[in-house]
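In: Sequence and predicted model, in that order:
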Amino acid sequence: MISIMPRYGPRTSRHRRLAVAAVLCLALPVAAQTATRPSAVVAAEQCAADAAFQKLVDTVLALRLADETTVAELWASLPAAEQALRQRLLVQRALGKAHRAADGAVEVDASIQVSAVNKILQDLAAKSLPDRQSASLAVRPGDRALVAATGRWQGPPPARPGPAGWRHCDAGQLDQVAAAARIDARQHLMATIGKWRLSAAQTLENVWAQRPDFRQAVEKRTEVLPLGEPAFEPAGLCRLASRFQRADVVKLLTSAAEACSEPINSDLASAIDPDGKESLALEGLAVAPPYAPQRKPAEEKDHAGRPDWADRVLTVQVTGQAPAHLTEAAERSRMATLAATVEAKRQLWLQIEKLPLPSGATVGDVLAAGKAPPAIAAISDAFTLEAAPSPDNPSQATVTLGIPLEAVWQALADLNTPKK
């Protein structure tokens, strides 16, 4: 999953209560209005509430269903369904009152009834997976009736907090999510123009199957295309919308063809969307990183020089397409999974290489400086892979690839550790 105006979810009962309180406050005497809480306290509570919602999303996605699959696995090849799940959770979750923990951190609880989760899953599956039996879409029976999560915020709020839903994220995390949305937008661009027709019997995908160098040249040029600005939504979704004219795409294809060593024997000027549209609208999507609790003050000394990103998990999700000439369903599925895996690894490495280090260099700078093969191997070994063939199209498969960034930091640290 890797599209734009900000979208804000429906007003919850909590929002309505706040609105009523604001109106009543106007009628109070001036002396009563001065008894407001400090803005720093409110901001810390907002950070903890946003963290609680993200942890609640993580918890729901990890729930096992009656057929032993997880909620995340259910929607692995259906990004739109996960988006809708997040939006429904935002509307229906309950937030507890902020309170202070023993260590001084601000904590906020977020929860939702298991019965409400089951209803959401069944509603979404009715649209996305109509053949799936509703009994298999229930959370695995157990003694829990409530899904709950606690978000924490330690210390002062960020000097420049993110938008609603993202106030627990620092600037580096927001930058990483925006970069993931740009990667997703370019991936969608390649997938879309690959279906453009050069003739009644030929698409760009057909040409790319024969000329991978041409595809690589096109892909390289998409990396410098100007894209829209990311919009961060309260449900933990980052969308990036862009629009291109057909002439822009033809110019890109022509430039890529000119960079190839052998000519492209196709009329690229005739390339057009299958529906005959003269403009191309695309959307890139990324989601908030998994919740990671802040380190306690006593732990800071032990982590001196350690970048903040080392506490996070980085993931990318890619949908791969099998070559058009394959006819056997099993082979199409295998090749689609392979294509998605290769692209997911490429995208993940691009993001890893851009991670900043305390020295001012990047991870990519260190890996390019020599003596890096052991670190590269260690990082690759830490990748976690989940593959899900499309339930409706054997020519497609979705791969989710992730890595705990602690493994990257440890691999770099091992490079500087003297061997005994």
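Out: That came through fine. Residues are numbered from 1 along each chain as shown.

In: Name the next helix or strand downstream of the longest helix along the chain, please.
Out: For the chain, the helix with the greatest residue count under DSSP state H is helix 329-353. Per DSSP states H and E, the first helix or strand lying C-terminal to helix 329-353 is helix 363-368.

In: Show me where the stretch 151-300 of the chain has its strands.
Out: Remark: strands assigned in the stretch 151-300 of the chain by DSSP state E, counting those that start in this stretch are 197-199, 202-203, 230-233, 237-245, 279-287.

In: Show me the contact partners of the first one.
Out: The list of residues contacting strand 197-199 from outside it, by Cβ atoms under 8 Å, 6 or more residues apart in numbering, reads T203, L204, V207, S266, D267, L268, S270, A271, I272, P274. Yep, even glycine has a C-beta here, placed from its N, CA and C like the rest.

In: Contacts only, for the last one.
Out: What it means is P274. K195, W196, R197.

In: OK, contacts around the nearest residue to the second one once chain neighbours are set aside?
Out: Among residues not flanking W196 along the chain, A271 sits closest, at 4.7 Å (Cβ to Cβ, 6 or more residues apart in numbering). Taking Cβ under 8 Å, 6+ apart as the contact definition, A271 lies against I193, W196, R197, L198, L204, R246, V249, V250, L253.

In: Next, A271: phi, psi?
Out: Main-chain dihedrals, A271, degrees, to the nearest 10: phi -60, psi 130.

In: picking up where we left off before, adding mean neighbour count, write the strands of the stretch 151-300 of the chain out as CSV.
Out: Output for these, formatted as CSV (neighbours: other Cβ atoms under 10 Å):
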stretch, mean neighbour count
strand 197-199, 15
strand 202-203, 16
strand 230-233, 22
strand 237-245, 20
strand 279-287, 20
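
In: which stretch among those strands comes nearest V139?
Out: Taking Cβ to Cβ, strand 279-287 is the member of the strands of the stretch 151-300 of the chain nearest to V139, at 21.1 Å.

In: got the angle between the closest one and strand 237-245?
Out: 160 degrees (axes from the mean of the first three to the mean of the last three Cα atoms, to 10 degrees).

In: list the helices and strands strand 279-287 packs on?
Out: helix 79-92, helix 171-193, strand 237-245, helix 246-258 (3 or more Cβ pairs under 8 Å, 6 or more residues apart in numbering; DSSP states H and E).

In: Report the beta-bridge partners for T203.
Out: For T203, the beta-bridge partners are R197 (DSSP bridges).

In: and it, what is it in contact with?
Out: The contact partners of T203, taken as Cβ under 8 Å, 6+ apart, are G194, K195, W196, R197, A324.

In: roughly how far apart are the fourth one and R140?
Out: Relative to R140, R197 is positioned 47 Å away (Cβ to Cβ, to the nearest Å).

In: Next: the third one.
Out: Remark: distance between W196 and R140 (Cβ to Cβ) = 45 Å.

In: give me the low-pLDDT residue ranges for the chain?
Out: 1-41, 134-135, 143, 293-304, 370-371, 387-393, 416-420 (pLDDT under 70).

In: Now with 50, please.
Out: By pLDDT under 50, the weakly predicted segments of the chain are 1-37, 297-303, 420.

In: and the strand or helix carrying V316 with helix 171-193, angle?
Out: Using DSSP H and E, V316 maps to strand 313-321. Orientation note: strand 313-321 sits at an angle of 0 degrees relative to helix 171-193 (the same axes, to 10 degrees).
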